[in-house]
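Peer 1: Below is the structure, and that's it, no one-letter string:
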């Protein structure tokens, strides 16, 4: 009996928990995962066998190209060393991308994950998201006036990790619970469906307390996508009730939650300042300036980009010369970042990496998996999650795990 697969499931659960729990484990666990999936340990009789051979890898790749395709993004960084110009800078931007190689390679060597295993891993993230939300609200309501005013000036609540990344975890957890409830998935008991439904409602409410626009945007997008997938299975009254609830929810939140109201008002104020060219000190204006900077720099190096070693220095120069500012920020858009670093060539590879899994028929069944995938792609329009260790791990774990489960449904067991 091999213990490689159970160990892999346990390590995936630990990685899912560490998204909220421990930044250090995010660096350690992908390496451990790659090592344990490369070695097949059997008991009764005891036997250790190295399975990560080139013959096995290339043999399985033709059955699971939709998993290994994500390694192309990592290879962009590896190849860019040729024209990086600054090896130290190249390494700083490249080493956080190793999960794009290690995680797909590990899943490539494993049999597809079952529904129960998929649920155990994602529930590890969901449970910590719910648990941490309690302490975030304890801090918020203990200093309610102070934090409400902070939200009104573009601030954020104290969260266990970066507030934007945390809101994305909460949004994905909410949609996962919603999907489990709709599909009737369970670990063991029938009543679990009601627990998942209540958890989805609670996390949806909590997102409005957090009032982080990135998390709210992809949460509403996820709900709308779920509605699109499931609407045809409902009668017209239920369809109307669901659509009305989605439309009314932000209005109710605006009226009931002062922090959310102040955040909306701040966004409108910020946009007005940007239109008057007076938005240098405001968060949204900073985001729009970063987009403009990225597009200008990318257009100066349209085919292969600045290279990873020169990317940040090019940004710094632009901010000093064009915006007369000493501080600079990366473009708050993943696609613009890729365009800057790798040009149209790299952007084409990146788009292929994202779109290729969607060309497989089984990708769209069950609907929960593509909804989670599209939500993460939408988050890339306003942030650059794959340029952070956390964002990289969140994307690759949720995505490759889902593809592995769908692959099992299709029956491609190698």
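Peer 2: Structure's in. What do you need? Remember, predicted model here, so these are calculated numbers, not experimental data.
Peer 1: For residue 375, which residues are in contact?
Peer 2: Residues in contact with residue 375 (Cβ atoms under 8 Å, 6 or more residues apart in numbering) are 171, 172, 175, 218, 221, 222, 225. For the C-beta atoms, the positions are set from N, CA and C on the backbone; glycine is no exception.
Peer 1: tell me the pLDDT at residue 137?
Peer 2: Looking at residue 137, its pLDDT reads 91.
Peer 1: let me fix that: residue 283
Peer 2: 59.
Peer 1: The chain should start at 176 in everything you say after this.
Peer 2: Yep, numbering from 176; the last one is residue 458 now.
Peer 1: where's residue 322 relative to residue 211, distance?
Peer 2: According to Cβ to Cβ, to the nearest Å, residue 322 and residue 211 sit 43 Å apart.
Peer 1: low-scoring pLDDT stretches of the stretch 376-525 of the chain, where are they?
Peer 2: Along the stretch 376-525 of the chain, the parts satisfying pLDDT under 70 run over 407-414, 416-417, 421, 428-459.
Peer 1: Repeat the analysis, applying 90 as the threshold.
Peer 2: When residues are selected by pLDDT under 90, those of the stretch 376-525 of the chain lie in 383-392, 395-396, 398-467, 476-477, 480, 482-491, 493-505.
Peer 1: again with the stretch 176-325 of the chain
Peer 2: Within the stretch 176-325 of the chain, the stretches with pLDDT under 90 are 176-180, 195-202, 210-239, 255-265, 267-268, 270-271, 284-285, 314-325.
Peer 1: For it, which segments count as strands?
Peer 2: Using DSSP state E, counting those that start in this stretch, the strands found in the stretch 176-325 of the chain span residues 214-217, 222-225.
Peer 1: and the last one, what does it pack onto?
Peer 2: Taking 3 or more Cβ pairs under 8 Å, 6 or more residues apart in numbering; DSSP states H and E as the contact definition, the neighbouring helices and strands of strand 222-225 are strand 214-217.
Peer 1: picking that back up, ranking the contacts of residue 550 by neighbours, who comes first?
Peer 2: Of all these, residue 346 has the most neighbours under the rule other Cβ atoms under 10 Å, reaching 30 neighbours.
Peer 1: what sits against that one?
Peer 2: 378, 382, 390, 391, 393, 394, 397, 550 are the contacts of residue 346 under Cβ under 8 Å, 6+ apart.
Peer 1: Same check on residue 240?
Peer 2: By Cβ under 8 Å, 6+ apart, residue 240 lies in contact with residue 531.
Peer 1: Out of the strands of the stretch 176-325 of the chain, the one nearest residue 360 is which?
Peer 2: Taking Cβ to Cβ, strand 214-217 is the member of the strands of the stretch 176-325 of the chain nearest to residue 360, at 29.7 Å.
Peer 1: helix/strand/coil for residue 363?
Peer 2: coil (DSSP: H, G, I helix; E, B strand; the rest coil).
Peer 1: burial of it, as a residue count?
Peer 2: Residue 363 has 7 neighbouring residues, counting by other Cβ under 10 Å.
Peer 1: go on, the one 10 residues further on?
Peer 2: Taking other Cβ under 10 Å as the criterion, the count of residues near residue 373 is 12.
Peer 1: rewinding a little: filter the contacts of residue 346 down to the ones in helices?
Peer 2: Judged by DSSP state H, helices contain the following of the contacts of residue 346: 378, 382, 390, 391, 393, 394, 397, 550.
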